[in-house]
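Asks: take a look and give me a structure for this.
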Amino acid sequence: KPYQSHIKAILEPVIDAMIEKQPCVLRRVAGDTILVPLRGKAADLDAIYVLNETAAFLWTQLEPGDDAAALVARLCQAFEATPAEAAQDVADFLSGLSEAGLIRFGSAARCAA
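Replies: You can find the predicted model right below:
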C-alpha cells in the first residue's frame, strides 16, 4: 500500500485494520466544526467534540472499509503534507476518536455513514 513504510511505526497496531465509524452528526456551528455522537435515536449532547480542520477533513473522508493508509494518502493529497506528518496526524485522529468511542477497528468492519 502507498505510504505503508512511513506509517508502519506510528500506526503499527491498526495499520491494516478497517475503521468503523460510529453514528455521529458533523455540523459547522459559529465557526467551529463539531461532532456529536448519536446514542440510540438521540444526540448525546454531553459528548460534543470540536474538530480542527484536519480532523474534520479526515472524518468526512473516512469511507467504509478504509484503513489508516487510505487516510494518510488522502491527507497527503489534500494538504500537501509529507507522509510522516500525515501519519502522525492520522494516528492522533484515530487515537482520540477511538478513546472517545467514536470509531472501532476490525478486520471486517461495517461503517456507518
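Asks: check contacts around A47.
Replies: V36, P37, A100 (CB atoms under 8 Å, 6 or more residues apart in numbering). Yep, even glycine has a C-beta here, placed from its N, CA and C like the rest.
Asks: and the nearest residue to the last one once chain neighbours are set aside, how far is that from V36?
Replies: Beyond its immediate neighbours in the sequence, the residue positioned closest to A100 (CB to CB, 6 or more residues apart in numbering) is Y49, lying 6.6 Å away. When distance is defined by CB to CB, to the nearest Å, Y49 is 8 Å away from V36.
Asks: also I19?
Replies: I19 is 19 Å from V36, by CB to CB.
Asks: ok, the two, which is more surrounded?
Replies: A count of neighbours by other CB atoms under 10 Å puts I19 above the other of I19 and V36, at 25 against 17.
Asks: what packs against the helix or strand hosting the more buried one?
Replies: I19 belongs to strand 18-21 when assigned by DSSP states H and E. Applying 3 or more CB pairs under 8 Å, 6 or more residues apart in numbering; DSSP states H and E, one finds that strand 18-21 contacts strand 103-106.
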